[in-house]
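**Student:** Return a 3D structure for these sequence lines:
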Amino acid sequence: MGQVDIKRLIEERGPTGKLEGNAPEGFVLIHEDTLEELKDFEVWKEWKHNQISIRELNNKHFVKV
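**Tutor:** Numbering: from 1, shown residues only. Predicted coordinates for the structure are as follows:
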């Protein structure tokens, strides 16, 4: 049986990983600042074209806290 590398999981998932499983299936928890940032057309365009993900945006805002 392999070992679980907790440090690697935290680095990959970021601070929002601890919130996974709190939202109903098919839903995503989004930081208020992430929603505000998506109002910026350039950020929205990056998200729309898969250049940035909601997880990346969320992690950026959770790091500020």
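
**Student:** Going by C-alpha atoms from here, please, whenever you check contacts or count neighbours.
**Tutor:** Will do.

**Student:** what's around R55, how many residues?
**Tutor:** Neighbour count for R55, taken as other C-alpha atoms under 10 Å: 19.

**Student:** other SSEs contacting the helix or strand hosting it?
**Tutor:** Per DSSP states H and E: R55 is located in helix 54-64. Applying 3 or more C-alpha pairs under 8 Å, 6 or more residues apart in numbering; DSSP states H and E, we find helix 54-64 packed against helix 32-38.

**Student:** about what we covered before: tell me which residues of the helix holding R55 are tucked away?
**Tutor:** Neighbour-count burial for helix 54-64, counted by 16 or more other C-alpha atoms under 10 Å, picks out I54, R55, L57, N58, N59, K60, H61.

**Student:** okay, that helix in CSV with CA atoms only?
**Tutor:** Provided in CSV are the C-alpha atoms of helix 54-64 (Å, rounded to 0.1, in the frame of the first residue of the first chain):
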residue,chain,number,x,y,z
ILE,A,54,-12.1,28.7,-10.9
ARG,A,55,-9.9,26.7,-8.6
GLU,A,56,-6.9,28.8,-9.5
LEU,A,57,-8.9,32.0,-9.0
ASN,A,58,-10.3,30.8,-5.7
ASN,A,59,-6.8,29.7,-4.4
LYS,A,60,-5.5,33.2,-5.2
HIS,A,61,-8.2,34.8,-3.1
PHE,A,62,-7.9,32.3,-0.2
VAL,A,63,-4.2,33.0,0.1
LYS,A,64,-5.0,36.6,0.7
